[in-house]
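Undergrad: turn this into a model:
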Amino acid sequence: MQLLNPLAEAYAERYSTGHEPLTEEVAATTESSHSQAHMMSSRLQGKFLEIFSILQSPSKILEIGTFTGFSALCLVKGLKEGGKLHTIELREEDAGTARQYFARSKYAEKIILHTGNALMIIPQLNEKWDLVFIDADKTGYVDYYNLVLPDLRSGGVILADNVLYHGEVLEEPLKGKNAKAISRFNEYVKNDDRVEHVLLPIRDGLMLIRKK
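TA: Okay, the predicted model is just below:
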C-alpha cells in the first residue's frame with residue numbers, strides 16, 4: 001500500500017536539502033543494483049535522520065541494520081567531536097558494501113561496523129547510547145528495544161523504522177508475521193511508561209521514542 005502520495009513525497013524531496021556526493025552515490029547505486037533496494041531509507045528520510053542527529057549532537061549512536069550504509073552516513077554527521085557510531089549488519093555481503101563506502105567517507109574513523117547477530121553483539125559493546133536507530137528484522141524489534149533501552153541515556157532517543165509496514169498494520173485482520181510483529185512493537189511502546197513517543201508518517205513510518 002502506498003501511504004504517501006508519490007507526488008507529495010517527490011515535492012517534499014525537491015524542497016529538502018540534498019545529500020553530499022558519497023551519500024548520494026550510495027543511494028543511487030543501491031537503487032540501481034540491489035535486489036532489495038526498498039530496504040534502504042529514502043533520501044527524504046535520510047535527510048531527516050541527518051538533521052535530527054545534528055540537532056541532538058550525540059556522542060554515541062547505535063544503528064541496528066546497516067544495509068549498504070546510507071543511513072549510517074546520514075546519522076554520523078551529527079556526532080560530537082570524539083563521538084562514535086556503531087552499526088550492525090547481519091548479512092556479510094551488505095556489510096562488505098557498506099564498509100567500502102565508510103572507508104571513503106571523511107567520517108570513517110567515527111564509524112565502527114559490526115557483522116553478525118545484533119542480539120549477541122550489543123551486550124558486548126558496553127556503551128551508553130544517546131541515539132539508536134532500529135531498522136532490522138521486524139520480528140526482532142521488541143527484543144532490540146528491550147535490549148537497548150536500559151543503556152539509553154535519559155533524554156536519549158530511539159528511532160524505529162517501518163512502523164507502518166507498507167500500510168499492513170492498518171489492515172484487519174493483520175496478515176503476515178512482519179505486520180503482526182510491527183503491530184506488537186507499536187503496542188508495546190504505546191504501553192511503556194518509561195518513554196514518550198510519536199509515530200511520524202514519514203515514508204514507511206518512523207517512531208520517535210524518547211526515554212524519560
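Undergrad: can we go C-alpha only for contacts and neighbour counts from here?
TA: Noted.
Undergrad: which strand in this protein runs the most residues?
TA: Longest strand in the chain by number of residues, with DSSP state E as the criterion: strand 152-161.
Undergrad: in the sheet, who's paired with the residue nearest the centre of the chain?
TA: By C-alpha atoms, centre = their mean, the chain has its centre lying nearest to residue 133, at 3.9 Å. Legend: beta-bridge partners of residue 133 under DSSP bridges are residue 63, residue 159.
Undergrad: using PDB, list the CA coordinates for the helix or strand of the chain with the lowest mean pLDDT.
TA: Every helix and strand in the chain was compared by mean pLDDT, DSSP states H and E; the lowest is helix 6-14, with a mean of 92. The C-alpha coordinates for helix 6-14 follow below in PDB (Å, rounded to 0.1, in the frame of the first residue of the first chain):
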ATOM      1  CA  PRO A   6       4.200   9.900  -4.600                       C
ATOM      2  CA  LEU A   7       3.800  13.400  -5.900                       C
ATOM      3  CA  ALA A   8       3.800  14.800  -2.300                       C
ATOM      4  CA  GLU A   9       6.900  12.700  -1.500                       C
ATOM      5  CA  ALA A  10       8.700  13.900  -4.600                       C
ATOM      6  CA  TYR A  11       7.700  17.500  -3.800                       C
ATOM      7  CA  ALA A  12       9.000  17.200  -0.200                       C
ATOM      8  CA  GLU A  13      12.300  15.800  -1.500                       C
ATOM      9  CA  ARG A  14      12.600  18.600  -4.100                       C
END
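Undergrad: the protein: helices as residue ranges?
TA: In the chain, the helices defined using DSSP state H lie at 6-14, 21-33, 43-56, 70-75, 92-104, 118-125, 141-148, 177-190.
Undergrad: deepest-packed of the ones you listed, please.
TA: helix 70-75 (a mean of 26; mean count of other C-alpha atoms under 10 Å).
Undergrad: quick one: mean pLDDT for that one?
TA: Taken as a whole, helix 70-75 carries a mean pLDDT of 98.
Undergrad: and it, what other elements does it pack with?
TA: On a contact count with 3 or more C-alpha pairs under 8 Å, 6 or more residues apart in numbering; DSSP states H and E, helix 70-75 meets helix 21-33, helix 43-56.
Undergrad: JSON lines for those, including mean pLDDT?
TA: Listed next are the helices and strands packed on helix 70-75 as JSON lines, based on pLDDT from 0 to 100:
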{"stretch": "helix 21-33", "mean pLDDT": "97"}
{"stretch": "helix 43-56", "mean pLDDT": "97"}
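Undergrad: let me have those in TSV, adding distance to residue 91 as columns.
TA: Converted to TSV, the helices and strands packed on helix 70-75 look like this (distance: least, C-alpha to C-alpha, whole Å):
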stretch	distance to residue 91
helix 21-33	15
helix 43-56	21
